[in-house]
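Q: Fold the following, please.
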Amino acid sequence: MQIPASLRSLPNQLTLARIAAIPVICLLLVIGWDWLRWLALLLYAVAAITDWFDGFLARRMNQSSDLGRMLDPIADKLLVGALLLTFAFTRDFSVWELIPAIAILTREIFVSGLREFLGSRAVTVPVTFLAKWKTTVQLVALFFVIVDGLLPSFGFISGLLMWLAAALTVWTGWQYLMSTWPHFESVTTSAPAPSDE
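A: The predicted model follows:
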């Protein structure tokens, strides 16, 4: 079976590598040994950098594709969501950090549902500049949560960044909802059966 050309492009391979690294990073954090946490930090840093690098290469090499545009935000949400759940399990989050973590996870799932709803109506909403920064702040905040488990003096910074990430995440989610609100008027006459997925 031949591999599609879009999967053979370097930008998309970087995105797929980022997705493949997620369970490895989470496993290293769950095991909890310090040297494995350092390794998880290194892998996470590389994965986070590819979030910028794959898009840069796609534009530079003129290899932008529909697959890449789909995979890139999915990879970001998988990385952030998996780490939020991992940190809740390992108790790296304090009670006060669980609040922004839940807010971030809720917003990302909600907006993904909105995108699916609008996709069935052939409506696309461009990603805003602030939404791109939202993802960056999320990734930086989670980086410092990992660091805090190694160097506890970073606890205040990681907590502050988590709340900042949550504020940006909720605000951009609200902006997305308001920009798509007019499309809720177009109700289909025969709705498909609800999915359990």
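Q: Go through the helix or strand harbouring Arg37 and flag the buried ones.
A: Following DSSP states H and E, one finds Arg37 within helix 34-60. Using 16 or more other Cβ atoms under 10 Å as the burial criterion, the residues of helix 34-60 that qualify are 37, 40-41, 43-44, 47-48, 50-51, 53-55, 57-58. Heads up, the C-betas are built off the backbone N, CA and C, glycines and all.
Q: So for the strand or helix carrying Pro11, mean pLDDT?
A: Using DSSP H and E, Pro11 falls within helix 10-31. In this model, helix 10-31 carries a mean pLDDT of 92.
Q: Show me the contact partners of it.
A: 6-7, 36-37, 39-40, 43-44, 46-47, 50-51, 53-55, 57-58, 61, 63-65, 67-68, 71-72, 74-75, 78-79, 82-83, 86-87, 89-90, 92, 146, 149 (Cβ atoms under 8 Å, 6 or more residues apart in numbering).
Q: returning to that earlier point: relative orientation of the helix holding Arg37 and helix 10-31 in degrees?
A: Inter-element angle recorded for helix 34-60 and helix 10-31: 160 degrees (by axes from the mean of the first three to the mean of the last three Cα atoms, to 10 degrees).
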